[in-house]
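Chemist: sequence plus predicted model, see below.
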Amino acid sequence: MVLTEPTRPADETQSSRKPPPITSLRDLTIIEAWDSETNTPKYVTFYLVTPDEEVYFGQSPKNKKDMTLTEYSAALEHIGDDEIYPKVPTNTLLKIAPDSLDDSSAFIK
């Protein structure tokens, strides 16, 4: 898997919003994919949720320990609400869950 291209083509980018400055790796949630056969990292994905609940996502083929804060910041792209919460297709029938349903008997998205 090569992750050198943006996650979306430029014409599909939801916004040209720039993420807030990354001052520490603690600003990000970082997830590293690991290759169990070679026992090496494959790629890293990371995201930032701002206090205003704006989401920025990035990825890199580099090892997370080899990346600088500048590289993390440069890789972040704004993710619009419509990508996180897509509209329900018009031909989809939804059903309201009964009041008696609780967390122990079902997962409600």
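Modeler: Done, it's in. Numbers count the residues shown, from 1 in each chain.
Chemist: regarding this structure, what is its longest strand?
Modeler: strand 40-49 (DSSP state E).
Chemist: and that one, which strands flank it?
Modeler: For strand 40-49, the pairing partners within the sheet under DSSP bridges are strand 29-35 (antiparallel), strand 55-60 (antiparallel).
Chemist: okay if I get these as CSV plus mean neighbour count?
Modeler: All C-beta atoms are positioned from the backbone trio N, CA, C, and that covers glycine. Shown next, in CSV, are the strands paired with strand 40-49 (neighbours: other C-beta atoms under 10 Å):
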stretch, mean neighbour count
strand 29-35, 12
strand 55-60, 20
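Chemist: need those strands in TSV (columns: distance to F107 and mean pLDDT).
Modeler: TSV is the format used below for these (distance: least, C-beta to C-beta, whole Å; pLDDT from 0 to 100):
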stretch	distance to F107	mean pLDDT
strand 29-35	22	93
strand 55-60	22	96
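Chemist: export those to JSON lines and tack on distance to L94?
Modeler: Shown next, in JSON lines, are those (distance: least, C-beta to C-beta, whole Å):
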{"stretch": "strand 29-35", "distance to L94": "30"}
{"stretch": "strand 55-60", "distance to L94": "25"}
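Chemist: for N91, find the nearest of those strands.
Modeler: The minimum distance between N91 and the strands paired with strand 40-49 falls on strand 55-60, with 28.2 Å, by C-beta to C-beta.
Chemist: let me see the residues that make contact with the closest one.
Modeler: Contacts to strand 55-60, defined as C-beta atoms under 8 Å, 6 or more residues apart in numbering, come from residues 3, 7, 19, 43-50, 67, 71-72, 75-79, 84.
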